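Student: Requesting a structural model of the entry that follows:
(one chain, ligands or ions: 2)
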Amino acid sequence: MASRNPRVTVLGGGSWGTTIGSLAARNTETVLWARNEETVTDINERSRNSRYLQDIPVTKTLRATTDLEEAVAEADVLVLGVPSQHSRGVLEQVTKHVRPWVPVVSLVKGLEQGSSKRMTAIVEEVMPGHPAGVLAGPNIAREVLQGYAAAATIAMPEHRQAEMLQELFRTNLFRVYTTTDVTGVEYAGSLKNVYAIAVGVGDGLEAGDNTRAMVITRALREMTRLGVSLGGDAMTFNGLAGMGDLIATCTSPFSRNRTVGVGLAQGKSLDQIAAEMNQVAEGVKTVATVMKLAAEQGIDLPIAREMDAVLNHGQPVKETYRGLLRQAPGHEVHGDEW
Ligand SMILES: NC(=O)C1=CN([C@@H]2O[C@H](COP(=O)(O)OP(=O)(O)OC[C@H]3O[C@@H](n4cnc5c(N)ncnc54)[C@H](O)[C@@H]3O)[C@@H](O)[C@H]2O)C=CC1
Ligand SMILES: O=C(CO)COP(=O)(O)O
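Tutor: Ligands and ions are numbered 1, 2, ... in the order given. Here you go, the predicted model:
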């Protein structure tokens, strides 16, 4: 890393890219690349991103630009903050302008449709030689930006690099832990969205607090079974990126994924929900990929399967919990049942 203060460049001017940019700008020089001119002007002139984060102020020194080449050419650290289905395209645009040793930290909680790849695998493909990692945890953007205490974990293949990057993102109120389990953190972050939709469906059907706790707990088991079989560490799923984020996303009224589930239970169509929200809910597209990965691993994921049936195969939402309750429970820890 450079001897001057490292420059962080965040790609993506949505709610989370802006929030992470704001945190990093407290510690070091930070540039945010957004494609929307109004967002750039809003950040540069008013220290706001009102489109995504209403009137919550961002750090005054955070600078934004629509010029991708200018944003990345001098970067010492690249942060990927665009939704999963657009990440490859953005990385392809930036790769020729970035210096070869620059690490890439993904904020993305989704998998690429078709290839089923995690974002760090895409970085390795599109930007070979760049160290690739991920920052994830229970981090509802607006709460972090408002300054409520929160924590996340940064995963890099080399622990020393995770420790260096930790310093760029942490503040008194945003605690950044380190790990080398990139695979586990990425799968945990992506999988929890699918289960937040399931919990939203339960909440929308007014199924009650015990049901919510049951689904969250059994969801964690499903996430862990798939994530471990794909190479993640089981302990990661019990940590901030797993259990922590599952709790936040399944219970927060601000979660977009949970909101999708609530909307479906209220009889809204996916198009209607997407139009009302105007933000990404990664779990909607992740569920089919998760089913594909589970089939390849020979693992049954009953809760995810019900969400796939609702989202992709026209199953009426009211059938969801009926379907699950028909299954007999097995061994709590070792069983394959939900
Ligand atoms: N919002 C949150 O609380 C958190 C979000 N995340 C994850 O961060 C990632 C980004 O999500 P958000 O910022 O919340 O999304 P968002 O919906 O708030 O914003 C997405 C941003 O990406 C931009 N974008 C979309 N396609 C693009 C393209 N082809 N080129 C350039 N820019 C493009 C949009 O213009 C928008 O600025 C997602 O994977 C999400 O799961 C992770 C932690 C917290
Ligand atoms: O990842 C998040 C919180 O950690 C944000 O969740 P949603 O995308 O469901 O809003």
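Student: And the residue of the stretch 1-150 of the chain that's closest to ligand 2?
Tutor: residue 139 (4.3 Å; CB to the nearest ligand atom). Every residue, glycine included, has its C-beta placed from N, CA and C.
Student: list the contacts for that residue?
Tutor: 16, 19, 150, 152, 245, 248 (CB atoms under 8 Å, 6 or more residues apart in numbering).
Student: What score does it have for pLDDT?
Tutor: At residue 139, the model reports a pLDDT of 98.
Student: Next, it: phi, psi?
Tutor: Main-chain torsions, residue 139, degrees, to the nearest 10: phi -140, psi 80.
Student: ok, now residue 107?
Tutor: Dihedral angles of residue 107 (phi, psi; degrees, to the nearest 10) stand at phi -110, psi 0.
Student: That one: neighbour count?
Tutor: 24 (other CB atoms under 10 Å).
Student: residues from the stretch 201-338 of the chain in reach of ligand 2?
Tutor: 245, 248-249, 255-257, 281 (CB under 6 Å from any ligand atom).
Student: any idea which element the nearest residue to residue 249 once chain neighbours are set aside lies in?
Tutor: Using CB to CB, 6 or more residues apart in numbering and skipping the chain neighbours, the partner closest in space to residue 249 is residue 196 (4.0 Å). According to DSSP states H and E, residue 196 maps onto helix 182-204.
Student: ok, and does that helix reach over to ligand 1?
Tutor: No: applying CB under 6 Å from any ligand atom, one finds helix 182-204 separated from ligand 1 by no less than 6.8 Å.
Student: List the buried residues of that helix.
Tutor: 182-204 (16 or more other CB atoms under 10 Å).
Student: thinking again about what came up before, distance of the residue of the stretch 1-150 of the chain closest to ligand 2 from residue 5?
Tutor: Distance of residue 139 to residue 5, computed by CB to CB, to the nearest Å: 24 Å.
Student: Over to residue 151?
Tutor: Going from residue 151 to residue 5 by CB to CB gives 24 Å.
Student: quick one on the thing from earlier: what separates the helix holding residue 196 from the chain centre, distance-wise?
Tutor: With CA atoms, centre = their mean, to the nearest Å as the basis, helix 182-204 stands 9 Å off its chain's centre.
Student: what's the answer for stretch 213-226, then?
Tutor: Distance of stretch 213-226 from the chain centroid (CA atoms, centre = their mean) equals 17 Å.
Student: So which bits of it are buried?
Tutor: Neighbour-count burial for stretch 213-226 flags 214-216, 218-226 (criterion: 16+ other CB under 10 Å).
Student: Turn those into TSV, columns for secondary structure and pLDDT.
Tutor: Formatted as TSV, the buried residues of stretch 213-226 follow (DSSP: H, G, I helix; E, B strand; the rest coil; pLDDT from 0 to 100):
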residue	secondary structure	pLDDT
214	helix	97
215	helix	97
216	helix	98
218	helix	97
219	helix	97
220	helix	98
221	helix	96
222	helix	96
223	helix	98
224	helix	97
225	helix	96
226	helix	98
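Student: Just name the closest of the residues you listed to ligand 1, please.
Tutor: Out of those, the member with the shortest distance to ligand 1 (by CB to the nearest ligand atom) is residue 223, at 15.3 Å.
Student: Roughly how far does the residue nearest to that closest one when sequence neighbours are not counted sit from residue 140?
Tutor: The shortest distance from residue 223 to any non-neighbouring residue, by CB to CB, 6+ apart, is to residue 191 (4.3 Å). Residue 191 sits 18 Å away from residue 140, going by CB to CB.
Student: returning to that earlier point: including pLDDT and distance to residue 323, could the residues of the stretch 201-338 of the chain next to ligand 2 go into TSV?
Tutor: What follows is those, written out as TSV (pLDDT from 0 to 100; distance: CB to CB, whole Å):
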residue	pLDDT	distance to residue 323
245	98	26
248	98	27
249	98	22
255	98	23
256	98	25
257	98	20
281	97	22
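Student: Any of those buried? List them.
Tutor: 245, 248-249, 255-257, 281.
Student: Would you map the helices across the stretch 1-150 of the chain?
Tutor: 15-27, 37-46, 50-53, 68-73, 84-94, 119-126, 141-146 (DSSP state H, counting those that start in this stretch).
Student: What angle do helix 37-46 and the first one make with each other?
Tutor: Going by axes from the mean of the first three to the mean of the last three CA atoms, to 10 degrees, helix 15-27 is angled at 30 degrees with respect to helix 37-46.
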